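Peer 1: Mind folding the following:
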Amino acid sequence: MDVDGSEWRVRQAEARDVGGLAALTRINPATEPTASVQARVEGLLDDSMRCIMVAEADGSLVGVAEAQFYGVAMRRGFGSARLHDLFVELAWRRRGIAGALFTEVKAWAQALPECRYLEWQSSPTGLAFYERMGLVGNQADDSAEHPFFEIEV
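Peer 2: Numbering: from 1, shown residues only. Model (predicted):
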């Protein structure tokens with residue numbers, strides 16, 4: 001599903017986004033060749049258990065959200081999805097893009113018949129975003145800087 005803002009839109013990532021995704025994730029070419037990063041991204045786009053949403057503005061990628069469903073567990077008939085990444089370029093923050101990316105990932109998880117939870121660990125930078133959404137992280141088992149979040153979907 002596409003979500004349009006006045007200057008941007010959120011959509012599912014496609015093969016044409018590989019270069020932009022590799023650049024957006026800020027991989028250091030000194031530690032890993034760009035071709036290697038792009039090959040990894042291509043493989044992730046082909047993974048049916050993964051959701052990668054992008055935010056696009058002026059023909060460039062300005063945000064990304066990536067989640068993965070881990071399947072059901074042996075002792076229960078449901079599983080969890082993990083939000084691996086939610087990132088918006090600094091210049092594009094506070095415009096609703098992160099919220100739209102998160103909403104799309106949550107909708108993807110809700111559509112999976114065997115998925116019961118969406119979980120993630122927040123970065124210090126993202127914590128205020130999740131708190132503005134009314135979500136409270138579990139800091140009992142994790143550091144205060146990286147609380148664990150889990151919502152039922």
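
Peer 1: Just the pLDDT at the most centrally placed residue in the chain, thanks.
Peer 2: The residue lying closest to the centre of the chain (CA atoms, centre = their mean) is Ala65, at 2.3 Å. Ala65 carries a pLDDT value of 97.

Peer 1: quick one: Glu119 and Glu150 touch, right?
Peer 2: Yes. With contact taken as CB atoms under 8 Å, Glu119 and Glu150 are classed as touching, separated by 4.2 Å. All C-beta atoms are positioned from the backbone trio N, CA, C, and that covers glycine.

Peer 1: Mind listing the shared neighbours of the two?
Peer 2: Counting by CB atoms under 8 Å, 6 or more residues apart in numbering, the contacts common to Glu119 and Glu150 are Ser80.

Peer 1: Name every strand pairing with the helix or strand containing the residue nearest to the centre of the chain and say which way it goes.
Peer 2: Counting by DSSP states H and E, the element that carries Ala65 is strand 60-72. Paired with strand 60-72 in the same sheet, following DSSP bridges, are strand 50-57 (antiparallel), strand 79-88 (antiparallel).

Peer 1: and these, which is most packed in?
Peer 2: strand 50-57 (a mean of 22; mean count of other CB atoms under 10 Å).

Peer 1: most remote residue from this protein's center?
Peer 2: Arg75 (27.5 Å).
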